[in-house]
Structure formats: structure tokens, C-alpha cells
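Peer 1: only geometry, no sequence info:
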């Protein structure tokens, strides 16, 4: 049973209760991410310790993936969202008053845990609340909101810090999370799935039952995430290698991110009308070819063209990993399944920059670009083979 099928009013209600708090909280989150290492340094951390503090957010997100599924199943998506946002408020206020690096590190780690809960609960909620015919557009819009927050957040953070100082950004972010929690209370409740009497849904049982899905479609999703995140590591390093300065590199990134941010709804519409493969596969081919050909780019214009194409591939595929996971999720045990799905794709997300770093340490940077390109092109074929196409009929 979905809350959104063909009517406009329910869709607008969900837009207010899901997308608005997501945008508000993610803008606040985007504001503080670049400031975490600076805060650690201000508290006396070394460069290595500051880098570790930043990494703890990603570690917390990975570790929190499976527990998030259990919590969402136990308390429901709406309560889990509100609870995680209040945890965010507490963590951000802790960052403001952190007396040393390790208190800051603990707060950042817990922020990663709560972020995992927020991502899973939003995906699970939309999977149930929105009819299958609109699912890809709903989840692609969610992915687009994340991208908007990543762009607007740092700009807001820079403005706040320039006027009131570093701690003020955390105060503003805690305020956005609190506002998001209040708005989320307007979410309509979802129907409760009926478990078989005496048969509680266990995480391990769900993971075992769907191990084949994780190994097939999940591997393709992880490859897509790996290729996506490699952009953030490879592009600036390549710009530096061919002699472009920081200003030119920033402009190239702005171009790529601008294109990326404007195409999420287009990708969702294509997926809903023609199928998931018609976005996931072309996106992988585009990004794979861009990375494979990047070693041929030796001018500002050439790199800008590749950056724009990477933005195209990344933009049209916004929400595709969530959509494929939602399509494969069972009615009973959905939060636990999505937890395993997020862990699988999250490993791919973390692996991208690590792969670039590892190859660049022992070989020319061009070798890293070629390796990522090969993964992209191979992953395109893998996704075409293993991504299922759901049928609206009978759902």
C-alpha cells in the first residue's frame, strides 16, 4: 500500500515532510563537513589526527548501516528519522563545546551513525509511501536534495564562519537539524507490515536470504558508487599534475557539480518510464569512458569537458542505487534488507578514493584513471546483466 499513487496533494505533503527537512538538515551537515578538520586543528590535533577525525564520520556511517535497519524495523521509519535528527542536534552541540580532539572525534563518529540511520529511514519510507510508478523520481529527487545540500551547505558555512566564527557554524547546523526533526513530525504514518506470528524478522536471516541479490545487483551498485566517488580524488590530482592552479580546479569542480545537480529528476523520469538499466548502464559507460580517456586531457578545456561529462553521468544516476535496492527489497524485513544494501554500496563508496590512493602510490596517476575507467565499463555490463526491472502490474 502506497500513500502516493496518482494524486497531487499527497505528493505535495510528502514533499514538505520528506524533502524539506532533508534539504534543511543536509545544508547544515554540508556546512560543517569542511570545518571538522579545522576544528580538530584548533583543538590541538596534528594533521594526521585531524584527518582521522574526518574519516570517523565515514566509518560511523558504515558501522551504523546494519544497526539502522534493526532500529527502523523496531520503531518505524518516522520515529527513527526524528530520533536520529535529535541525536544529530546533540552531536553538533557537543562539537561546539568540545574541550579536546577526542570529544570532537566521538561526536563526529556518532554523527556518522545517525547519518546512516537518516539515509536508510528516508529510503525505506519513500519505498513504501510512493507507488512503484513514481519510485525512481521520488528517490532521485532525494538524491538531488543531497547534492543541493552539498553545494549550498559549504557556502552557508563560509558565510557564518566569516561573521561569527567556527563554532557558530555548528550552532546553525544544530538548529537546522532541530527544525528538520520538527517538520518530520508531519510525516503520515506508514502501514505496519504484518510479521508471521511468533516469527520476528531477524537481520542475519534477511541478509542470508538475499545474499544472491547483494552479490549480483549489489556488486554492480558498489561499482557504481566506486566510480562516482573516484571523481573527487582523481579530478583535483589530475588538474594539479597538468599544472592547473587551485582556482581553475575549483571552477572545473563547480562546472561538474552544477551539471550534476540539475539532472536528478531527468534520470528519475527515465527510470520510471523505461527502466533502471537505461540510466545505470549509460551512466557507467559515460563515467568509465571519461576516466579511461582522462590521461589524454592536458589542457583546461579538455579537463573541463571530461568534468562536465562526469557531472552528466553522476547527475542522471542520482538515486539509482537507492531505487535498485528499493525494487529488490521485500515487504517484510525491508529495513534490514536495505541496511545490507547500504552496507554493500557503502563499501564501494569508500573504496573509490582508497583505490586511487593505492594505485597512485606505486604507479602513475594515469594508471589509476585507467583502472577506474575499466571498473566503470565492466560495471556497465554487470549492471545490464543483473539489475532487475520491476513491473508495476501486480505490485
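Peer 2: Received, thanks. In this text, all values refer to a predicted model and were calculated from it rather than measured experimentally.
Peer 1: quick one: residue 25 from residue 184, how far?
Peer 2: 9 Å (C-beta to C-beta, to the nearest Å). C-beta: built from backbone N, CA, C; applies to glycine.
Peer 1: Which one's more surrounded, those two?
Peer 2: residue 25 (29 against 26; other C-beta atoms under 10 Å).
Peer 1: so where's the stretch 151-300 of the chain uncertain?
Peer 2: 191-200 (pLDDT under 70).
Peer 1: Same question for the stretch 1-150 of the chain.
Peer 2: 1-13.
Peer 1: any idea where the helices of it begin and end?
Peer 2: Per DSSP state H, counting those that start in this stretch, the stretch 1-150 of the chain carries helices over the ranges 8-14, 20-32, 36-42, 47-63, 65-75, 77-97, 101-129, 135-164.
Peer 1: Please convert those to a markdown table, extending it with distance to residue 308.
Peer 2: As requested, those are exported to a markdown table (distance: least, C-beta to C-beta, whole Å):
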| stretch | distance to residue 308 |
| --- | --- |
| helix 8-14 | 32 |
| helix 20-32 | 22 |
| helix 36-42 | 29 |
| helix 47-63 | 27 |
| helix 65-75 | 32 |
| helix 77-97 | 34 |
| helix 101-129 | 28 |
| helix 135-164 | 15 |
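Peer 1: now the nearest residue to residue 85 once chain neighbours are set aside: how far from residue 339?
Peer 2: Excluding the flanking residues, the one nearest residue 85 by C-beta to C-beta, 6 or more residues apart in numbering is residue 181, at 3.7 Å. Distance, residue 181 to residue 339, using C-beta to C-beta: 22 Å.
Peer 1: and what of residue 139?
Peer 2: Going from residue 139 to residue 339 by C-beta to C-beta gives 16 Å.
Peer 1: which residues of the stretch 151-300 of the chain fall in helices?
Peer 2: Counting by DSSP H, counting those that start in this stretch, the helices of the stretch 151-300 of the chain are 166-184, 203-209, 211-215, 217-241, 246-262, 264-274, 277-293, 300-316.
Peer 1: Any idea which of the ones you listed gets closest to residue 335?
Peer 2: Nearest to residue 335 among those is helix 203-209 (9.0 Å), distances taken as C-beta to C-beta.
Peer 1: follow-up on the earlier one: can you list the helices of the stretch 151-300 of the chain in TSV and add distance to residue 39?
Peer 2: As requested, the helices of the stretch 151-300 of the chain are arranged in TSV below (distance: least, C-beta to C-beta, whole Å):
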stretch	distance to residue 39
helix 166-184	6
helix 203-209	35
helix 211-215	37
helix 217-241	21
helix 246-262	22
helix 264-274	31
helix 277-293	33
helix 300-316	29
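Peer 1: more crowded one of residue 181 and residue 339?
Peer 2: residue 339 (28 against 21).
Peer 1: I figured the more buried one was touching residue 62, is that so?
Peer 2: No. Residue 339 is not in contact with residue 62 according to C-beta atoms under 8 Å; the separation is 11.2 Å.
Peer 1: before we move on, back to that, of the helices of the stretch 151-300 of the chain, which approaches residue 357 most closely?
Peer 2: Nearest to residue 357, of these and by C-beta to C-beta, is helix 217-241 at 7.0 Å.
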